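Student: Structure for the following, please:
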Amino acid sequence: MNSPAVNVQGPLDNPAYRYRGVFDIVAATFCALLLISNIGATKLIGIGPLITDGGAFLFPLTYVLGDELSEVYGLRLAKRVILTGFVLQVVASLSLWAVQAAPAAADWGFQEAYESVLGFVPRIVLASMAGYLAGQLLNAWVLVRMKQRTQGRYLWSRLIGSTIVGEFADTLVFCLVARWGDLDVPGMINYVLVGIAWKIGVEIVMLPVTYQVIAFVKRREGLTS
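Tutor: Residues are numbered from 1 along each chain as shown. Prediction:
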């Protein structure tokens, strides 16, 4: 006796279905940039007298995407993505710790190298998660509140204002928790100020791109304001 046929098609298999939204792409890209940046942040970088870390390359883009999430989708969905990114940070940290703790094969001689780059450092993990939550949540909250106060006008002021608040909190918390004791006081001040100035600078330089991306996403989502 033949078993009854089971329909395994989902909505995306239906030719009549056309999903035009890009929320999933923006959210996934946000989380990917966050995880890559956290790995890069394990290395301190010196450029002349300036001190930064490897997270400086991509982490500012998480604020660009965070602005887009808040501006287009609102505070509730932005917080959902931010908290998803936080959970993924925890998962990534625990996974790297488990790999570090697992016994190495007898002929694998790179345990120390692995630990020096990807090793579980509780202080760095704590600093990253605390700074991330404080900065991203403040960034989203300020942007949405400024949008309400300005009645949707002056997008440039919302993008820059929310980034200043969010990046200041994020950078200050991360630097103090992660690097206190590793740098002297002048070095720490250098590290904090360079981080804040660089991230805000990226936001300003990216403003034309951010405008275009927000407009594109709103069109794809069928939004007008």
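Student: make it CA atoms for all contacts and neighbour counts henceforth
Tutor: Will do.
Student: Buried ones in stretch 137-152, by neighbour count?
Tutor: For stretch 137-152, the buried set under the neighbour-count rule, 16 or more other CA atoms under 10 Å, comprises 137-144, 146-147.
Student: Could you do stretch 95-109 as well?
Tutor: Here stretch 95-109 shows 96-97, 99-100 as buried, counting by 16+ other CA under 10 Å.
Student: Okay, and which of the buried residues of stretch 137-152 map to helices?
Tutor: Using DSSP state H, the subset of the buried residues of stretch 137-152 located in helices is 137-144, 146-147.
Student: The closest residue to residue 179 other than its chain neighbours: how many residues sit nearby?
Tutor: The shortest distance from residue 179 to any non-neighbouring residue, by CA to CA, 6 or more residues apart in numbering, is to residue 188 (7.7 Å). By the other CA atoms under 10 Å criterion, the neighbourhood of residue 188 contains 19 residues.
Student: what sits against residue 188?
Tutor: Residue 188 sits next to 175-176, 179-180 when contact means CA atoms under 8 Å, 6 or more residues apart in numbering.
Student: Helices - which of these land there?
Tutor: Residues of the contacts of residue 188 located in helices (DSSP H): 175-176, 179.
Student: which residue ranges form the helices in the chain?
Tutor: Going by DSSP H, the chain shows helices at 23-40, 59-73, 75-101, 111-118, 122-149, 155-179, 185-205, 207-221.
Student: and the closest residue to residue 136 other than its chain neighbours, what is it in contact with?
Tutor: For residue 136, ignoring the flanking residues on the chain, the nearest one in space by CA to CA, 6+ apart is residue 166 at 5.9 Å. Going by CA under 8 Å, 6+ apart, residue 166 touches 134-139.
Student: can I get the residues you listed in TSV with distance to residue 170 and pLDDT?
Tutor: Output for those, formatted as TSV (distance: CA to CA, whole Å; pLDDT from 0 to 100):
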residue	distance to residue 170	pLDDT
134	6	89
135	4	86
136	8	84
137	10	89
138	9	91
139	10	87
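Student: out of those residues, which one sits closest to residue 209?
Tutor: Using CA to CA, residue 139 is the member of the contacts of residue 166 that lies nearest residue 209, at 18.5 Å.
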